[in-house]
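Trainee: Okay, sequence plus prediction incoming.
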Amino acid sequence: MIIRAENIEKAFGNLKVLKGIDFEAGRGEVVSITGQSGAGKSTLLQILGTLSTPDSGSLVIDGTDVLSLGRNALSAFRNRSIGFVFQFHHLLPEFTALENVMIPAFIAGKSEKEAKADALALLKTMGLEERTGHKPSELSGGEQQRVAIARSLVNRPAVVFADEPTGNLDSVTKQDIHELFFRLRDELGQTMVIVTHDPALAHMCDRSLEMKDGLFI
């Protein structure tokens, strides 16, 4: 298993958001997590992605007990082993598509030559080889999301977490991005965990889990 989480609990004040979640995902598996707003989906995704710490439970990702890592070691692990795609692209507006994709590679210590080669290869896979010098404001919403996906993959992480990755796109672009996720999985072998309200995307996944009131149904 690439991800194994056991008995994950999380509360905010008196509100218990996660009530003992167990979750596993295998290598190359695409798993969707669905449920109504407030069910705890995004909170779980943030904990699985090491952006938030649970109140109790255990979490092992790609053989590493991530909850035992110090802040610097955890940041390094996250940059190397985890990719993120969000509903809003969070691209840096002053940088080109190519530069945005290269940033995590620089943080991981890659040379400019290696970072550029990896970023260009991914942007070509995304069909954006003609758009590498464009800034986010010069790209469509779908193109921006493709750049964000390329950025999440540039360090070849073991797992990619996506939170409503197509929630801000029109239906045609949405379908293109859905198909892209699965093509990338087949080509690159990443495990993907996708929080979505979109039944079409959930249906395409290898497994779909539904949350309600802080637990899987």
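Mentor: Done, it's in. Numbering: from 1, shown residues only.

Trainee: from here on, contacts and neighbour counts on C-alpha atoms
Mentor: OK.

Trainee: Nearest residue to Gly38 in space, ignoring adjacent ones along the chain?
Mentor: Sequence neighbours aside, Asp213 is the residue nearest to Gly38 in space, at 7.5 Å (criterion: CA to CA, 6 or more residues apart in numbering).

Trainee: What's the separation between that neighbour and Lys16?
Mentor: To Lys16, Asp213 is 9 Å away according to CA to CA, to the nearest Å.

Trainee: ditto for Arg151
Mentor: The gap separating Arg151 from Lys16 is 33 Å, by CA to CA.

Trainee: Show me where the protein has its strands.
Mentor: Ranges of strands within the chain are 3-12, 15-25, 30-34, 56-61, 64-65, 82-86, 159-163, 191-195, 207-212, 215-216, based on DSSP state E.

Trainee: if we can go back for a sec, which of Arg151 and Lys16 has more residues huddled nearby?
Mentor: In this view Arg151 and Lys16 are compared by other CA atoms under 10 Å, and Arg151 has more residues nearby, 27 against 13.

Trainee: Test my guess that that one contacts Pro104.
Mentor: Yes - Arg151 is in contact with Pro104 according to CA atoms under 8 Å; the separation is 7.1 Å.

Trainee: and the closest residue to Gly20 other than its chain neighbours, how many neighbours?
Mentor: Counting by CA to CA, 6+ apart, the nearest residue to Gly20 once its immediate chain neighbours are dropped is Asn7, at 4.1 Å. Counted with other CA under 10 Å, the neighbours of Asn7 add up to 16.

Trainee: quick one: Asn7 and Phe86, what's the gap?
Mentor: In this view, Asn7 and Phe86 are 25 Å apart by CA to CA.

Trainee: Then Asn79?
Mentor: From Asn79 over to Phe86 the distance is 16 Å, taken as CA to CA.

Trainee: Can you tell me which residue sits nearest the middle of this protein?
Mentor: With distances taken as CA atoms, centre = their mean, Phe161 lies nearest the centre of the chain, 2.3 Å away.

Trainee: mind checking pLDDT for that residue?
Mentor: We have a pLDDT of 90 for Phe161.

Trainee: can you list contacts of the lengthiest helix in the chain?
Mentor: Ranked by number of residues, the top helix in the chain under DSSP state H is helix 171-188. Residues outside helix 171-188 that contact it (CA atoms under 8 Å, 6 or more residues apart in numbering) are 28, 30, 126, 142, 146, 156, 166-167, 190-192, 201.

Trainee: For it, buried residues please.
Mentor: Buried residues in helix 171-188, counted by 16 or more other CA atoms under 10 Å: 173-174, 177-178, 180-182, 184-185.

Trainee: same check, this time on stretch 33-41
Mentor: Judged by neighbour count (16+ other CA under 10 Å), stretch 33-41 contains these buried residues: 33-35, 39-41.

Trainee: Tell me the one of those nearest Phe12?
Mentor: Proximity of the buried residues of stretch 33-41 to Phe12 (CA to CA) peaks at Gly40, which lies at 11.4 Å.
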